[in-house]
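Asks: Requesting a structural model of the entry that follows:
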Amino acid sequence: MQLFNLPARASRVSFVAGLAAAAIFSSSMSAQTPTSAPPITLDAMTVLGRADDMLDVAATASQGRVAAAELNTRPLLRRGELLEVVPGLVVTQHSGGGKANQYFLRGYNLDHGTDLALFAEGVPINLRTHGHGQGYADLNWIIPELVEGIRFNKGPFYPAVGDFSAAGAAELNFFTALPRDFASISWGENGHRRAVVGGSTTTGQGVLTAAAEWSAYDGPFVNPEDFERANVFLRYHQSTADRSLTFTAMGYDATWMSTDQIPARAIAAGTLNRFDTIDPTNGGASSRFATTFEGEWRRADATTRLNLFATHYDLSLYSNFTYFLDDPADGDQFEQVDDRIILGGSWSQEWRSASARYPRRDTIGLQAQVDLIDEVGLHRTAARQRLGTVRSDAVKEGSLGVFWENETRWTDRFRTTGGLRADIYGFDVDSDLAANSGRRDDTIVSPKLAAIYQLGKATELYAGAGFGFHSNDARGTTVTIDPADGSPASAVDPLARSRGFELGWRTSAWPGLVSTVALFQLENESELVFVGDAGGTEASGASRRHGVEWTNFYQPLPWLSLEADLALTHARFKNAPGADYIPGAIDRVFSGGVRVGRPEGWFSEMRLRHFGPRVLTEDGSIRGDGSTLVNARLGWRSNAWEVTCDVFNVFDRADNDIEYYYASRLPGEPAAGVDDVHLHPVEPLAVRFTVTWRH
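Replies: You can find the predicted model right below:
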């Protein structure tokens, strides 16, 4: 796909716009249904948030959930920042807004999603064997107003979660019926514009929910991002006392320009400013269209769940991280292509036995997924014109996971959760270089166990141990020749094991306070790290991390809440003396917030996020700077109207979102290039206004 092919882009945007129009038209027409429509039964909507102590529910101290009421009060610069409600998780960006964010958690530089499993209503978001990076997780297709809550856990302790979950996992859940219809417009500095509308209405025996969003953003960069995004969402939900059925369709399309990371030496010399670019033609285009079905059938002692999904996804991404190192004449720009169809589903059966001597809950489940990748490719380009192909592959990747999970209450104070998971993966790679084609398969078994002891009505202790894994890029499992230079290459194992341990404590003994402490250790058989001159990740050596997380949510008054979360981590490669530092591993993260306000009238929130300096090289000789940002929101709401003012980077700090250390070459520099820090700046102080109407 060529980004500058205007007819193709126009057709994509027109298609999304057409779906949006259909969604709103369907909603408005259904709203005119006579009030004599048959009555329906909606699922009870439970308000979940960090004020919920999760005592007698959670399996570990690091497990939690956050409700829409908390999500909607946060100022969000980027869509991915929804996930920063997870204590210790940092979301940044090193490129254009349409690209997946960078994630950091528990001492991992997770790149765009490796070792962080993300789901939306049980459907995996991470993309395996992706054109840019393994586990790529783009959240730009999420409309924040539709998110009912986020559930999260950390570590490999949960049998229902498989690939990419060593550091943690999070699931976004959408409303089956919006609390109120709404329309919202937003505008602000750096070309920020956004409009979103959504509503729910009774249709037949169920509820139809429709929403559409359009947004645009240029950013503070010398070369404007021109990031344009369109989203549409349709959902039909039907529920009775013993079953619920949900059908969902979503569409997303975006185009953007990118200001990728630039060398610190050029800023120091005054040839570039912090918001400048070296290759103004970098950028990309992406789309995602998905349909899902969710069914749940309930009996007094059992529940059956079924989830089916189909997704079409494509990406064309242009980047240039080394400038003129490999090609002094045309430059080092490359295009990464990903075009695929994903088919999958899950089934689970849960049994509950409350009358037994030891009350228990057992769940068995199946999870299947097939990725039919028409092309995952890497092409050499100049100003988005292809000069040659480094590698182009068609891939079929399939997986089947089965799990058994058990929770048993042995006494009034002591319970255990645990189980067993088994996964089988199959890879079929058809490469443009025959020597790199082939088939591989692999299996892995992952036992998990957690024990919970209740000290009193308001305090619990936890201990957990388990094994997990992440899959590697299918192309790496069959490679024999490096396509870049023709040298021999060694294949990687399809699946890389991880294991983890955690001790924890949770209490709500003080009225209004929920506090947790978690001590953890994580070990990876193989580490996925970013490689600057390749523009992606590669498998590295085994690693170990240990650390502590302390989280606090305090609501002393109905109109006042405070948060303070601290995470400290020590991360190292194993068996690598003198070169055991893990590039990009953050050793400390602090986040905090103060929220003031009632359901109507004035309200405000101020948030601080700090992540510490991090090493950029294996020998630890080069370190990046830390970052400390403060964002704020001030607003006023009535029953029907809400007006907010968001201020980002309140103190206008000139920190960096991300830093790397590698060799690059600017015109006139030595042919071998110059090793240097390459950075992407945080955005300067900016103000946005939003007006929302609800009915």
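Asks: contacts for stretch 182-192?
Replies: For stretch 182-192, contacts defined as CB atoms under 8 Å, 6 or more residues apart in numbering pick out 145, 193-199, 215-220, 224, 646, 683, 686-695. The way it works is simple: take the backbone N, C-alpha and C, and place the C-beta from them, glycine included.
Asks: Narrow those to those that are buried.
Replies: Among these, those classed as buried by 16 or more other CB atoms under 10 Å are 145, 194, 196-199, 215-220, 224, 646, 683, 686, 688, 690, 692, 694.
Asks: Okay, and which of the residues you listed map to strands?
Replies: Of the buried ones among the contacts of stretch 182-192, the ones assigned to strands by DSSP state E are 194, 196-199, 215-217, 646, 686, 688, 690, 692, 694.
Asks: Identify the farthest-apart pair in those.
Replies: Farthest-apart pair in those is Gly199 and Ala686; separation 30.1 Å (CB to CB).
Asks: one step back: could the ones in strands among the buried ones among the contacts of stretch 182-192 be laid out in TSV, adding pLDDT and distance to Gly476?
Replies: Below are those laid out as TSV (pLDDT from 0 to 100; distance: CB to CB, whole Å):
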residue	pLDDT	distance to Gly476
Arg194	99	39
Val196	99	40
Val197	99	44
Gly198	98	42
Gly199	98	46
Ser215	98	36
Ala216	98	37
Tyr217	98	35
Asp646	98	42
Ala686	98	40
Arg688	98	42
Thr690	99	44
Thr692	98	47
Arg694	97	50
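Asks: How far does the strand or helix carrying Arg421 sit from its chain's centre?
Replies: For Arg421, the host element (DSSP states H and E) is strand 414-431. Put simply, strand 414-431 sits 20 Å off its chain's centre (CA atoms, centre = their mean, to the nearest Å).
Asks: other SSEs contacting it?
Replies: If contacts are counted by 3 or more CB pairs under 8 Å, 6 or more residues apart in numbering; DSSP states H and E, strand 414-431 sits against strand 385-409, strand 438-456, strand 459-471, helix 474-478.
Asks: what's the closest non-adjacent residue to Glu618?
Replies: Leaving aside its sequence neighbours, Glu618 sits nearest to Ala579 (CB to CB, 6 or more residues apart in numbering; 4.0 Å).
Asks: what's the answer for Ser258, then?
Replies: Using CB to CB, 6+ apart and skipping the chain neighbours, the partner closest in space to Ser258 is Gly96 (3.4 Å).
Asks: Mind listing the residues bridging to Ala183?
Replies: Under DSSP bridges, the beta-bridge partners of Ala183 are Val197, Trp693.
Asks: okay, now it: neighbour count?
Replies: 15 (other CB atoms under 10 Å).
Asks: Kindly report the same for the one 4 residues further on.
Replies: The local packing of Trp187 (other CB under 10 Å) involves 14 other residues.
Asks: what's the helix or strand for it?
Replies: strand 182-188.
Asks: residue contacts, the closest residue to Val161 other than its chain neighbours?
Replies: Distance criterion CB to CB, 6+ apart; nearest residue to Val161, sequence neighbours excluded, is Ala169 at 4.8 Å. Contacts of Ala169 were listed using CB under 8 Å, 6+ apart, and they are Leu116, Ala117, Leu118, Phe119, Phe152, Asn153, Lys154, Tyr158, Val161.
Asks: Wasn't Gly80 part of a strand?
Replies: No: counting by DSSP: H, G, I helix; E, B strand; the rest coil, Gly80 is not part of a strand but helix.
Asks: My guess is it contacts Leu139. True?
Replies: Yes: if you go by CB atoms under 8 Å, Gly80 and Leu139 touch, sitting 4.8 Å apart.
Asks: Pull up the gap between the closest residue to Asn436 other than its chain neighbours and Ala183, please.
Replies: Leaving out its chain neighbours, the residue that sits closest to Asn436 by CB to CB, 6+ apart is Val479, at 5.1 Å. Applying CB to CB, to the nearest Å, the value for Val479 to Ala183 is 51 Å.
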